[in-house]
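> my questions are about this predicted structure, shown below with the sequence.
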Amino acid sequence: MHPPRGPRSWARLGSISAVLMLVACSASPATPTPTPVAAAVTAAPAAPPSLRPVKIGYASSATVFAGLWVAKELGVFEQYGLRPDDLVLVSGGPVLVQSLVARELDAAYLAFSPAVAAVMGGAPLKVLAGVGRGFSFQLFTKQGLGIDRPEDAKGKRVGISRLGSESHTVVRFWARAHGLQDNDITYVAVGDAGQRIPALESGAADIALLDPPFAVKAEKLGYLRLADLTREPFAWQQDGVAMLEQRVREEPELSQALVQAVVEGAYLLRADPARASQVLRKYMDEEDPEALQGAYEAYVRTWIDHARPDPAGVAAVQAFIDESVPGTAQQPEIRFVDTSVLDKLEREGFYSRLERQYPAPRLR
């Protein structure tokens, strides 16, 4: 168990709550040795190996976390000796980090930017793996508003969930990449993705940021796609499988098994769109096959090989956090990311097996 956090560290962590809001993936089971026939007459049947219960939290129903869902639904965790009785949806990076630090969870799967902010505030955690780079969102507008190019967003209202949320961060990052300043756009808090299409329809927003399933719905309704962020070369680390530093050091078998299960789940999902659709349907509460396909394709397009956090993406997140927590950009990557598990898996040929077993798909 990690020692209680000191008041000074938690004061720092508390001080960045606002920052956290700003930036709001197998080895086959061992084959049992056959029991000799003679011995089988008298020997009792061997008991199945016990599975270690684990509790893992995830931040939202965003597709980037789907490797975790696949590992749970298709029995991948059990192949590595783990039993995830529950996957716990803890909405929002700050609360998820607090649950991890309080040891209510064995691991947390969250957006990378809140993990960086939490570490800068004193949270003793490390990101061990991550499968997504860039962004999986799209921007839509209404026909006839004269918004055809990114620069046309200047002076317009963009519908997001709330100020300081991940959706706010994504639009700001996209706008800056296209030469716009933060104050060139008016941000309107209209609620989650399901409420943003109605905001477009009512005129409460001129542009809306939509997740893949809702992007398909918007296209079917005749809205105009302004940008598909999955096709833009943004340097940004999306996600991170995080654990407490002390547990990574003291329980290496657990750390490795957790990473292997999530990463194999991610490879399985990428290689098998049919089974991916089944799992996405359950966790995203979505029935439209085209919307599910859109979510799957966004997942594949933002893929990171070997679940190794992208250095350029990590640096971009650090630079963004630095605006509110000065000094973040100057920190070495190892302050936030521990690749020791990934390095060991690489040496053991884990990824070579995954790439043979789960070949990458071809998208149109």
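Yes, it's here. Residues are numbered from 1 along each chain as shown.

> what is the burial count for the nearest residue to V64 once chain neighbours are set aside?
Distance criterion C-beta to C-beta, 6 or more residues apart in numbering; nearest residue to V64, sequence neighbours excluded, is G132 at 4.2 Å. Any C-beta I mention is one placed from the backbone N, CA and C, and that applies to glycine too. For G132, the neighbour count with other C-beta atoms under 10 Å is 31.

> wait, what's in contact with G132?
The neighbours of G132, taking C-beta atoms under 8 Å, 6 or more residues apart in numbering as the test, are V64, Q237, Q238, D239, Y299, T302, W303, I304.

> is the fourth one in contact with L110, as I believe?
Yes: when contacts are counted by C-beta atoms under 8 Å, D239 is listed as touching L110 (7.2 Å).

> can you give me the helices in the stretch 251-364 of the chain?
Using DSSP state H, counting those that start in this stretch, the helices assigned to the stretch 251-364 of the chain run over residues 252-271, 273-284, 289-301, 311-322, 340-347, 350-357.

> keeping just the C-alphas, turn the first one into CSV.
Listed next in CSV are the C-alpha coordinates belonging to helix 252-271 (Å, rounded to 0.1, in the frame of the first residue of the first chain):
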residue,chain,number,x,y,z
PRO,A,252,5.5,-6.1,-11.5
GLU,A,253,3.5,-9.2,-12.3
LEU,A,254,0.2,-7.3,-11.8
SER,A,255,1.4,-4.4,-13.8
GLN,A,256,2.5,-6.5,-16.7
ALA,A,257,-0.7,-8.6,-16.7
LEU,A,258,-2.9,-5.5,-16.7
VAL,A,259,-1.0,-4.0,-19.6
GLN,A,260,-1.0,-7.2,-21.6
ALA,A,261,-4.8,-7.7,-21.2
VAL,A,262,-5.7,-4.1,-22.2
VAL,A,263,-3.3,-4.0,-25.1
GLU,A,264,-4.3,-7.4,-26.4
GLY,A,265,-7.9,-6.3,-26.1
ALA,A,266,-7.0,-3.3,-28.3
TYR,A,267,-5.3,-5.4,-30.9
LEU,A,268,-8.3,-7.8,-31.0
LEU,A,269,-10.7,-5.0,-31.4
ARG,A,270,-8.7,-3.4,-34.2
ALA,A,271,-8.5,-6.7,-36.1
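
> quick check: buried residues in it?
Neighbour-count burial for helix 252-271 flags 254-271 (criterion: 16 or more other C-beta atoms under 10 Å).

> hmm, back to that, go through the helices of the stretch 251-364 of the chain and pick out the most buried.
Across the helices of the stretch 251-364 of the chain, averaging neighbours per residue (mean count of other C-beta atoms under 10 Å) puts helix 252-271 on top, at a mean of 24.

> next, the angle helix 273-284 makes with it.
Here the directions of helix 252-271 and helix 273-284 differ by 110 degrees (axes from the mean of the first three to the mean of the last three C-alpha atoms, to 10 degrees).

> just how off-centre is helix 252-271 within its chain?
Offset of helix 252-271 from its chain centre (C-alpha atoms, centre = their mean, to the nearest Å): 14 Å.

> same check on stretch 341-360?
20 Å.

> quick check: end-to-end length of that stretch?
23 Å (C-alpha to C-alpha, to the nearest Å).

> what sits up against it?
27, 128-129, 248, 252, 255-256, 259-260, 263-264, 267-268, 270-272, 300, 303, 305-308.

> mind checking which of the helices of the stretch 251-364 of the chain is nearest S60?
Nearest to S60, of all the helices of the stretch 251-364 of the chain, is helix 273-284, at 10.0 Å by C-beta to C-beta.

> alpha carbons of that closest one, as CSV, please.
The C-alpha trace of helix 273-284 is given here as CSV (Å, rounded to 0.1, in the frame of the first residue of the first chain):
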residue,chain,number,x,y,z
PRO,A,273,-14.7,-5.2,-36.6
ALA,A,274,-17.6,-7.6,-36.1
ARG,A,275,-16.7,-8.3,-32.5
ALA,A,276,-15.7,-4.7,-32.0
SER,A,277,-19.2,-3.7,-33.0
GLN,A,278,-20.8,-6.0,-30.4
VAL,A,279,-18.7,-4.5,-27.6
LEU,A,280,-19.0,-0.9,-28.7
ARG,A,281,-22.8,-1.3,-29.0
LYS,A,282,-22.9,-2.4,-25.3
TYR,A,283,-20.6,0.2,-23.8
MET,A,284,-21.6,3.2,-26.1
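
> and the contacts of that helix?
Outside helix 273-284, the residues that touch it by C-beta under 8 Å, 6+ apart are 61, 63, 66, 69-70, 73-74, 213, 268-270, 286-287, 289, 292-293, 295-296, 299, 361.

> quick one: that helix to helix 289-301, angle?
Going by the same axes, to 10 degrees, helix 273-284 makes 100 degrees with helix 289-301.
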